[in-house]
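[1] 3D, please:
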Amino acid sequence: LMLAENSKYWKKQRLSSKRIYDLLKDRHRNFSASYDCVNRFVQQWRKERVRSAAPGFSHLVWHAGEAQADFGEADVEYFGAIVRLKYFVLSFPQSNVAFMQFFRGENCECVCQGLLDIFEYTGGVPFKIVFDNATGIGRIVCKVLEENEMFTRFRLHYGFEARFCNPNAGHEKGSVEKNVGYLRQNILTPVIRITEDLERFNKKLFQLCRNLMDRRIHYIHKVPVMSLFEADKAALLELPAKAFEARRIITLKTDNYSNITLEGIHKYTLPAEYRNTQVLVETWAWKVTVLDMSGCKIEEYERIYGKNNSESINPALGLVHLSRKPRMWENSRFRENLPKENPFRLYVDSISNAEIKHKIFSQFHNALENHPYETVLEAFSQMSERRIDMTAQSNVRAVCSRVASCPMDFSYNPTGVDLDKYSIFMKTEGMRK
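    Residues are numbered from 1 along each chain as shown. Predicted coordinates:
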């Protein structure tokens, strides 16, 4: 009776075993039980009370065409560096088939892009999808569902029903919770190596998932999961005629330095003429596109994720300023972003003539019209090492084309004859016209 009465009060003011023992001794003179006996009784009573109050678990029945979605994370070797990436998983609990896609974040754009890619791969849309309460697309707050506006448009476009789990209730979508770990253990362990763009690698990831599912046996029915997946596919909704564009469109104003800021910490720099100007910003899972108010594209950037402050600037913008003011080279962002041992950086550092710098930066900027930045930088680095005249447009075009097609040092020469003497024809200084 004392324990039952005590359980009604605030937990920090409930009687401890020692306090109960002392009270029993004070109230009953003939009480002779030891403290250990009282303590064991109290602990046993509390355990039985918790056990009787626990709701327990029920085996849920999932129908063909229903799905569950969640994120996991794993380390990968990405271009030689170990980085931790997010991966989006869509699981079909009826068959226990699951597919995954890599992303750099867990926002609404990533969820919609991941769903869109998996819908197109499977050839249909689940009629109901269960989501976690914190996937960036919506959440339950005080028993009220708050759904992201972009996700609402995505859901209506594809016609599926969305259900959100209660907070801290992962057991409500146990299939995808298990498959997050299953895919990490069987595809991402040991750490996989990625040497290409993640968006391109995701297409290969579908095949890796399919190969794994082809070998998987259902834990209850003891048959291949892909045979059960046929029922899921038959219950999928048809894809709409036009795919959804998984993007948000917002209006922002640039600051005095022509920057726009996303998530409060990630800055993207526009050309100087757009400072203190309103612009339209499209945020996708992989990129950020900035347009003027008439809808004409200004710049496009790779989207930045993470919790640290960052700044993204198109290298071509820095070269425009350098070609106009070559003396700002030593304090430019372009120079600062190059490795200290980069041959091009070292070569330009050694030049004192501002006119020559102006011509080099102009040629670099012009080359970006025909080649990607990485190709042009590699070409100018190789020309710096070989002291090839970078002010001559013909040299720049030739080396950029060579780098774009094959390495500079590559040469098919089955004769074994030394051809280094012909390198003189790549130089223009001191040659008779």
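
[2] Quick check: which element contains Ser91?
    Using DSSP states H and E, Ser91 falls within strand 81-92.

[3] Show me what the helix or strand following that strand is in contact with.
    Scanning forward in sequence from strand 81-92 by DSSP H and E, the next helix or strand is strand 97-103. Around strand 97-103, the neighbours that count as contacts under Cβ atoms under 8 Å, 6 or more residues apart in numbering are 72, 76, 85-92, 110, 113-114, 117-118, 121-122, 175-176, 179, 182-183, 187, 198, 201-202, 205-206, 209, 213, 216, 225-226, 228-229, 232, 285. C-betas here are computed from N, CA, C, even on glycine.

[4] 7 Å instead, please
    Under the criterion Cβ atoms under 7 Å, 6 or more residues apart in numbering, residues 85-91, 110, 114, 117-118, 121, 179, 183, 198, 201-202, 205-206, 209, 213, 225-226, 229, 232, 285 lie in contact with strand 97-103.

[5] Look up how far Arg303 lies from Gly318.
    Per Cβ to Cβ, to the nearest Å, Gly318 is found 20 Å from Arg303.

[6] What of Tyr274?
    Between Tyr274 and Arg303 the computed distance is 19 Å (Cβ to Cβ).

[7] shaky segments in the chain?
    Within the chain, the stretches with pLDDT under 70 are 1, 52-59, 133-135, 139-143, 166-172, 407-416, 419, 423-433.

[8] residue boundaries of the helices in it?
    Assigned by DSSP state H, the chain shows helices spanning 2-6, 17-27, 35-53, 108-122, 149-158, 174-186, 198-215, 225-235, 315-324, 333-337, 343-349, 354-367, 373-385, 393-405.

[9] wait, which of those helices is closest to Glu66?
    Distance to Glu66, taken as Cβ to Cβ, is lowest for helix 225-235 among the helices of the chain, at 8.2 Å.

[10] Buried residues in that closest one, which are they?
    Residues of helix 225-235 classed as buried by neighbour count (16 or more other Cβ atoms under 10 Å): Val225, Met226, Leu228, Phe229, Asp232, Lys233, Ala235.

[11] helices or strands up against it?
    strand 97-103, helix 198-215 (3 or more Cβ pairs under 7 Å, 6 or more residues apart in numbering; DSSP states H and E).

[12] Using a markdown table, lay out the ones you listed together with mean neighbour count and distance to Leu338.
    Listed next are these as a markdown table, based on neighbours: other Cβ atoms under 10 Å; distance: least, Cβ to Cβ, whole Å:
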| stretch | mean neighbour count | distance to Leu338 |
| --- | --- | --- |
| strand 97-103 | 24 | 29 |
| helix 198-215 | 15 | 24 |
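
[13] Which stretch among the helices of the chain is buried most, on average?
    Counting by mean count of other Cβ atoms under 10 Å, helix 108-122 has the highest mean neighbour count of the helices of the chain, with a mean of 23.

[14] Next, the angle strand 81-92 makes with that one.
    60 degrees (axes from the mean of the first three to the mean of the last three Cα atoms, to 10 degrees).

[15] before we move on, the earlier item: the strand holding Ser91 packs against which elements?
    When contacts are defined as 3+ Cβ pairs under 7 Å, 6+ apart, strand 81-92 sits against strand 66-78, strand 97-103, helix 108-122, helix 174-186.

[16] Asn30: which of those is closest?
    Asn30 lies closest to helix 174-186 among the helices and strands packed on strand 81-92, at 54.4 Å (Cβ to Cβ).
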